[in-house]
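K.L.:
quick check, what structure comes out for this input:
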Amino acid sequence: MRNLKEYIVYVAYRNYKDSFDNVFILRIFTDKYLQKRWYIVKVRYGIMLICILVASLVSGCISGGDNGSDDGLSGTLAIAGSTTVQPIASGAAEAFMDLHPNVIVTIQGGGSGTGVTQAGQGVVDIGNASRDVKASEYEAYPDLVATAVAADGIAVIVHPSNAIGTLTMEQVKGIFTGEITNWSQVGGADRTIVLVIREDGSGTRGTFEELVHDKIAPASGSLQKSSNGAVKTTVAQTPDAIGYMGLGYIDEGVKALRVNNIIVSEATILNGSYPISRNLYMLTNGAPSGLAKEFIDFILSDAGQDIVAEEGFIRL
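P.N.:
Below you'll find the model as predicted:
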């Protein structure tokens with residue numbers, strides 16, 4: 001009988017389509033035949049179920065298999081937080097586990113507030129955040145250490161059919177705070193503006209409001225979405241909508257506006273000319289150590305920064 005031993009080595013949560021569908025990806029290696037298989041389970045009604053299943057399925061004698069090299073690094077690393085940072089974490093996790101077959105990395109979303117809280121409380125090993133840690137959060141969790149792993153710009157997006165191509169920062173502020181409610185007020189058609197923003201606690205929202213709103217609350221009636229992907233989908237399907245999201249999420253389904261006549265791009269973010277930009281962070285409760293340090297060091301390496309660039313963000 002053939003030897004067959006399988007190990008589940010990757011579990012990742014990602015938003016799928018909208019806030020009502022979630023996907024869990026189980027990456028399974030069959031060591032004897034070097035096959036890679038992906039199992040995708042769609043979980044409806046927003047149920048967040050993360051299962052870490054480590055099992056051996058044995059047929060016949062189990063002593064003859066080769067489980068790969070043992071580099072001495074092993075264990076489970078739990079990561080949660082910003083959905084902006086999540087693609088970087090997921091891509092890095094895949095590569096990291098290829099290098100270290102005895103390591104399991106689990107990843108959840110939840111927003112930057114979740115990343116800060118769960119890292120500060122020690123619920124996860126690493127919290128992802130797409131904004132600076134607030135003073136109040138440092139007071140609650142004084143041992144938090146934030147490590148920048150990438151840079152990002154927040155794009156202001158509209159439906160591709162929208163004739164508007166550029167807005168000033170004052171116009172962007174006026175739109176998202178409710179002072180400007182019709183596209184005709186900024187040179188567009190006589191149509192009511194539909195505002196699409198992130199949920200409370202989102203790092204993208206926190207950074208956007210800090211850089212744009214000047215401490216003014218968002219307009220009432222704004223549509224709040226739980227992820228960058230959900231914002232993009234809503235704007236792409238709503239001709240009169242305007243929203244904001246990370247640079248890495250831009251595609252042909254939406255149009256990114258110039259702000260102060262500056263297009264959002266890697267070059268304009270790095271040279272400081274694009275006004276709505278930020279760093280992306282991984283947070284630890286104390287200085288990174290153990291697996292968390294190894295993982296963060298990997299992301300900061302050339303190989304890890306290549307993943308940052310592949311995901312559409314800006315390498316440091």
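K.L.:
same question for stretch 147-166, mean pLDDT?
P.N.:
The average pLDDT within stretch 147-166 is 96.
K.L.:
so which bits of it are buried?
P.N.:
Within stretch 147-166, the residues scored as buried using 16 or more other Cβ atoms under 10 Å are 147, 149-159, 162, 164. In this view, the C-beta of every residue, glycine as well, is placed from N, C-alpha and C.
K.L.:
looking at the residues you listed, spot the one nearest residue 254.
P.N.:
Set against residue 254, the nearest of the buried residues of stretch 147-166 by Cβ to Cβ is residue 157 (4.3 Å).
K.L.:
quick check: end-to-end length of stretch 125-140?
P.N.:
Stretch 125-140 has an end-to-end distance of 17 Å (criterion: Cα to Cα, to the nearest Å).
K.L.:
who's in contact with it?
P.N.:
Here stretch 125-140 makes contact (Cβ atoms under 8 Å, 6 or more residues apart in numbering) with 77-82, 84-86, 89, 112, 114-120, 144, 146, 152, 202-204, 206-207, 210, 246, 278-284, 291-292, 295-296.
K.L.:
what about the residue lying closest to residue 131 once chain neighbours are set aside, neighbour count?
P.N.:
Excluding its sequence neighbours, the residue lying closest to residue 131 (Cβ to Cβ, 6 or more residues apart in numbering) is residue 203, at 3.8 Å. Residue 203 sits with 30 neighbouring residues when counted by other Cβ atoms under 10 Å.
K.L.:
how about the one 3 residues further on?
P.N.:
Residue 206 is surrounded by 21 other residues when neighbours are defined as other Cβ under 10 Å.
K.L.:
cool, and the one 3 residues further on?
P.N.:
By other Cβ under 10 Å, the residues close to residue 209 number 22.
K.L.:
phi first, then psi, for it.
P.N.:
Here is the backbone geometry of residue 209 (degrees, to the nearest 10): phi -70, psi -40.
K.L.:
what of residue 158?
P.N.:
phi -140, psi 170.
K.L.:
could you measure from it over to residue 212?
P.N.:
Applying Cβ to Cβ, to the nearest Å, the value for residue 158 to residue 212 is 16 Å.
K.L.:
tell me the confidence at the nearest residue to residue 310 once chain neighbours are set aside?
P.N.:
Leaving out its chain neighbours, the residue that sits closest to residue 310 by Cβ to Cβ, 6+ apart is residue 91, at 6.6 Å. pLDDT for residue 91: 97.
K.L.:
hang on, residue 91 in a strand?
P.N.:
No. Counting by DSSP: H, G, I helix; E, B strand; the rest coil, residue 91 is not found in a strand; it is helix.
K.L.:
and the gap between it and residue 312?
P.N.:
The spacing between residue 91 and residue 312, counted by Cβ to Cβ, is 11 Å.
K.L.:
repeat that for residue 121.
P.N.:
31 Å.
K.L.:
more neighbours: those two, which one.
P.N.:
Between residue 121 and residue 312, counting by other Cβ under 10 Å, residue 312 is the more crowded of the two (17 against 12).
K.L.:
tell me the SS of the nearest residue to that one once chain neighbours are set aside?
P.N.:
Excluding the flanking residues, the one nearest residue 312 by Cβ to Cβ, 6+ apart is residue 248, at 3.1 Å. Under three-state DSSP, residue 248 falls in the helix class.
K.L.:
got the contact list for residue 248?
P.N.:
Counting by Cβ under 8 Å, 6+ apart, residue 248 touches 84, 87, 152, 311-313.
K.L.:
also residue 240?
P.N.:
By Cβ under 8 Å, 6+ apart, residue 240 lies in contact with 159, 162, 183, 191-194.
K.L.:
buried subset of those residues, written for PyMOL?
P.N.:
Of the contacts of residue 240, the buried ones can be selected in PyMOL as follows, counting by 16+ other Cβ under 10 Å:
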select buried, resi 159+162+183+193+194
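K.L.:
which one of the contacts of residue 240 sits closest to residue 169?
P.N.:
residue 193 (16.6 Å).
K.L.:
relative to residue 232, how far out is that closest one?
P.N.:
Using Cβ to Cβ, residue 193 is found at 17 Å from residue 232.
K.L.:
can you map out the helices along the stretch 151-300 of the chain?
P.N.:
Assigned by DSSP state H, counting those that start in this stretch, the helices in the stretch 151-300 of the chain fall at 169-177, 203-208, 228-236, 266-270, 290-300.
K.L.:
just say which of the ones you listed is most tucked in.
P.N.:
Among those, the stretch with the highest mean neighbour count (mean count of other Cβ atoms under 10 Å) is helix 203-208, at a mean of 25.
K.L.:
what about the residue lying closest to residue 315 once chain neighbours are set aside, distance to residue 105?
P.N.:
Leaving aside its sequence neighbours, residue 315 sits nearest to residue 305 (Cβ to Cβ, 6+ apart; 4.0 Å). Using Cβ to Cβ, residue 305 is found at 18 Å from residue 105.
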